[in-house]
Every structure is written in structure tokens, then in C-alpha cells.
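*Asks:* pasting the sequence and the predicted model now:
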Amino acid sequence: MTRFGEHAQVTDSFGDTVVDVAPGDWIALLTRVRDELGYAFFDWLTGVDEPPDEFHVVAHVYNPATRERLLLRTRVPRADPRLPTAVGVYRGADWHERETYEMFGVIFEGHPHLVPLLLPDGFEGHPLRKDFILAARVAKQWPGAKEPGESGHGAPSRRKTLPPGVPADWGATPDA
């Protein structure tokens, strides 16, 4: 058993301690590091898209007495991304969970006000997921220098392709 709990896996990443737990141990880990280990300062929480099957939910906490940081992680399945809310442990998690819900689609069960935070009303999708289609890159010409040969002189034009982030089968033709 480690000081982070019997199911925690502890590693080091670039000098920071990283603690991984299962979703069912998430709140117990957060409570333990706050109450027993002195990590009283909640810094941030976000999601990380790990295709094809899951998301990481990552929290960063800090111990002001020892000046140590911890990176806490858990994984939720992409098919049903749910995790208990951390707002009862760290009040500062409220805004971060709302943002992660909006940008990745992770549902924080028990959150007091899990509603969109940043995007305009009616926005569809979760823009920080890697499978989110960047429609603006197809709807509007991407800015930048012209391709060789497009100016009417010089080398012939290269093969036309869709901009990065737009799947080939999205319905736009490369000639558009």
C-alpha cells in the first residue's frame, strides 16, 4: 500500500509525481491527498482525449507547506464518460469540471450546476475531442500563402487536399 491508497499506481513524469487510480477511487484519492497529505490547493482539472477508447481526467494539486505538486489521473471510457464530481472535495473544481464537460463531454455526476460555460448557445459537439470536425477549415478558405503554381506562373500546383483536422469522407471535395 502506498501513501496514496492501496489501488494507486505512482510514477514519475518529468520530476512530478503522478498518481493513477480507477474511477471508483477518484474521490477517495482526492480526499486523502487533501486531508491526510496536505495538498490543500487545487490548481486545475481537465480532460485528455486518448483515442480510440477513453479519456483521462487529470487534476493538479499542490501542498503549500512542502511546496510539492501532484498530478492525479483517472480514465473514463469514451462510450460512457462519467466520473463523480470533485466539487465536494475541492470547491475550485466547479469551473474546471464544467469546462471539461463542455469541451470533452465528460459527465461529472453530482455536480451542482453542470451546464455549458464557454461556447455559444446551441453549439453542438465537444471541440477538444480529437474526432471533432473542424468545419471552419472547409467552409472558409484557409489563410496563408498560395500553393505553388496558383499564381499563374511558376511550378505546377500540388495535389489538392483537405485541411488538417477534416476527415476525408466529410463530404467536402478537395477541389472546393
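*Replies:* Arrived safely, thanks for sending.
*Asks:* may I see the buried residues of the helix or strand where R69 lies?
*Replies:* In the assignment (DSSP states H and E), R69 maps to strand 68-77. By neighbour count on 16 or more other CB atoms under 10 Å, the buried set for strand 68-77 is L70, L71, L72, R73, T74, R75, V76. Bear in mind the C-beta positions are built from the backbone N, C-alpha and C, glycine included.
*Asks:* low-confidence stretches in this structure?
*Replies:* By pLDDT under 70, the low-scoring segments of the chain are 1, 135-165, 170-176.
*Asks:* change it to 90
*Replies:* Of all residues in the chain, those with pLDDT under 90 make up the ranges 1-7, 15, 116-117, 121-124, 130-176.
*Asks:* what ranges do the strands span in it?
*Replies:* 9-13, 16-20, 41-50, 54-63, 68-77, 82-84, 107-109 (DSSP state E).
*Asks:* between the buried residues of strand 68-77, which is nearest A8?
*Replies:* L72 (9.1 Å; CB to CB).
*Asks:* what's the closest non-adjacent residue to that closest one?
*Replies:* Of all residues beyond its chain neighbours, the one nearest L72 is A59 (4.6 Å), with distances taken as CB to CB, 6 or more residues apart in numbering.
*Asks:* which residues touch that neighbour?
*Replies:* Taking CB atoms under 8 Å, 6 or more residues apart in numbering, we find A59 in contact with L30, F42, D43, W44, L45, L71, L72, R73, A86, Y90, A93.
*Asks:* repeat that with 10 Å
*Replies:* By CB atoms under 10 Å, 6 or more residues apart in numbering, A59 lies in contact with 19, 26, 29-30, 33, 39, 42-46, 70-74, 86, 89-90, 93, 96-97.
*Asks:* which residues touch I107?
*Replies:* V76, D80, P81, R82, L83, T85, E97, T100, Y101, L114.
*Asks:* err, A40, not the other one
*Replies:* A40 touches V33, R34, V61, Y62, N63, P64, A65, Y90, counting by CB under 10 Å, 6+ apart.
*Asks:* residue nearest the centroid of the protein?
*Replies:* G47 (2.6 Å; CA atoms, centre = their mean).
*Asks:* what's the spacing between that one and A40?
*Replies:* 24 Å (CB to CB, to the nearest Å).
*Asks:* what of F14?
*Replies:* In terms of CB to CB, F14 sits 23 Å off from A40.
*Asks:* can you count the residues close to the closest residue to P64 other than its chain neighbours?
*Replies:* Spatially, and ignoring its direct neighbours in sequence, P64 is nearest to F41 (5.8 Å; CB to CB, 6+ apart). Look at F41: counted by other CB atoms under 10 Å, it has 14 neighbours.
*Asks:* wait, doesn't F41 sit right on N63?
*Replies:* Yes: F41 is within contact range of N63, at 7.5 Å (criterion: CB atoms under 10 Å).
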